[in-house]
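>>> sequence unavailable; structure follows:
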C-alpha cells in the first residue's frame, strides 16, 4: 500500500467520525463497513428504507421546502425527497447528525452530486462544486511518491477559465490540508507554453492567469502537456525553469472527457488505486464512488471523508 494511503487510514483512526452509507444493497459497501468498523477508521451507519426516522424526515422536509419553495417545490415533494436514503444521508450531514457521507457504489455520480448541491452548504470561499480523484500509482517516480490528484473528473463537463482556476485552487487546498503535501499544480493541454495555438489553448492560459491573480500561494503553471508536467528532462527541454513543470502532483484537465478518461486509463493500465471522486466545494464533507470501485476504494474514500470531517470540526 502507498505510504500516503497508509497515513490517511492511520490519521482517520486517531479520531473516527460518523459516516453514513445510503447503499445497503451493495456487497462491496457491506464488506467495507465491516472492515471500517473493525479497524475503527470511522463510525459507520448503514441507511436503509427501514431505519429512516419519521421525525427527522419531517425536519428535513421542512428545511428543504424552505430552501426550495421559491423554485416552485411543494411540501409534498420535499417530503418525498426524504424518502430517498441518499437525500436523507445528505441532510443528516447538513444538520450535524453525522459528519459525512459516502455513496456511489450503485448510485450514479449525478445523483450523488445533486444530493450534495441540494442539501449541503456551499463553501463560499470556493464558490464552486467540483471533484478530484486521489490516484496512487505503484512503482512510480513521478508526482508525490506516485500519488497524484486528478481534477475535475466528475462534475463540470466543460469548465470556463474562471472555473478551471477555481478547480485548480480548490484541489491544491485539498492536497495541502488533507493529504499534507505541497501541491504543484499543472493545467494540462495539448500545448506547452505556446507550442500550439487556438481557443482551447487560450482558455488554459486564461485559467492560469486567473488562478495566479487570486494569490492563493500555490505553485500553479500551464499550459502544459502531460510529459512536460511530469518528467523533469522533458520539462527542461520544452520550457526551462518552472516550479511546477517536471514536478507536478496535481493535474487539472481541460474538461470532463479528458479527466474521466485519464483517471480510468491510469487505474486500469497502471494498476493504480483510484480514490474518489471526492466532492470539493461543500462545507460538510462527502465523497462519491465510482461504480467500478472495490472494497479498498470505499475504505480509503471513507478515511479521506473522516479526515475532512476532522478538519471541519477544527474550524
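Arrived safely, thanks for sending. Every value quoted in this text rests on a predicted model; they were computed, and no experiment measured them.

>>> give me the domain ranges for this structure.
Annotated domains of the chain cover 1-121+293-315, 122-281 [automatic domain parsing].

>>> now render those as CSV, adding mean neighbour count and distance to residue 287.
Glycine gets a C-beta too; all of them are placed from N, C-alpha and C. What follows is the domains of the chain, written out as CSV (neighbours: other C-beta atoms under 10 Å; distance: least, C-beta to C-beta, whole Å):
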stretch, mean neighbour count, distance to residue 287
domain 1-121+293-315, 18, 4
domain 122-281, 20, 5
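
>>> quick one: residues contacting residue 12.
41, 42, 302, 303, 304, 306, 307, 310 (C-beta atoms under 8 Å, 6 or more residues apart in numbering).

>>> and for residue 123?
Taking C-beta under 8 Å, 6+ apart as the contact definition, residue 123 lies against 281, 282, 283.

>>> dump those into JSON lines; add pLDDT and distance to residue 158 as well.
Output for those, formatted as JSON lines (pLDDT from 0 to 100; distance: C-beta to C-beta, whole Å):
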{"residue": "281", "pLDDT": "92", "distance to residue 158": "17"}
{"residue": "282", "pLDDT": "91", "distance to residue 158": "22"}
{"residue": "283", "pLDDT": "91", "distance to residue 158": "26"}
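
>>> what's the closest of those to residue 120?
Closest approach between the contacts of residue 123 and residue 120, by C-beta to C-beta: residue 282, at 4.3 Å.

>>> spatially central residue for the chain, please.
Nearest to the geometric centre of the chain sits residue 278, at 2.1 Å (C-alpha atoms, centre = their mean).

>>> how about it: what's its closest non-neighbour residue?
Excluding the flanking residues, the one nearest residue 278 by C-beta to C-beta, 6 or more residues apart in numbering is residue 287, at 5.0 Å.

>>> give me the distance between that neighbour and residue 83.
Applying C-beta to C-beta, to the nearest Å, the value for residue 287 to residue 83 is 23 Å.

>>> now the element after the host helix or strand of residue 102, going C-ward?
Assigning secondary structure by DSSP states H and E places residue 102 in strand 100-103. Downstream of strand 100-103, the next assigned helix or strand under DSSP H and E is helix 109-119.

>>> quick check: mean pLDDT of that following helix?
The average pLDDT for helix 109-119 rounds to 88.

>>> what's the helix or strand for the residue of the chain most remote from its centre?
Of all residues in the chain, residue 237 has its C-alpha farthest from the mean position, at 33.2 Å, by C-alpha atoms, centre = their mean. For residue 237, the host element (DSSP H and E) is helix 232-239.

>>> returning to what we had before: quick check: angle from the helix or strand harbouring the residue nearest to the centre of the chain to helix 109-119?
Counting by DSSP H and E, the element that carries residue 278 is strand 273-280. Strand 273-280 runs at 30 degrees relative to helix 109-119, counting by axes from the mean of the first three to the mean of the last three C-alpha atoms, to 10 degrees.
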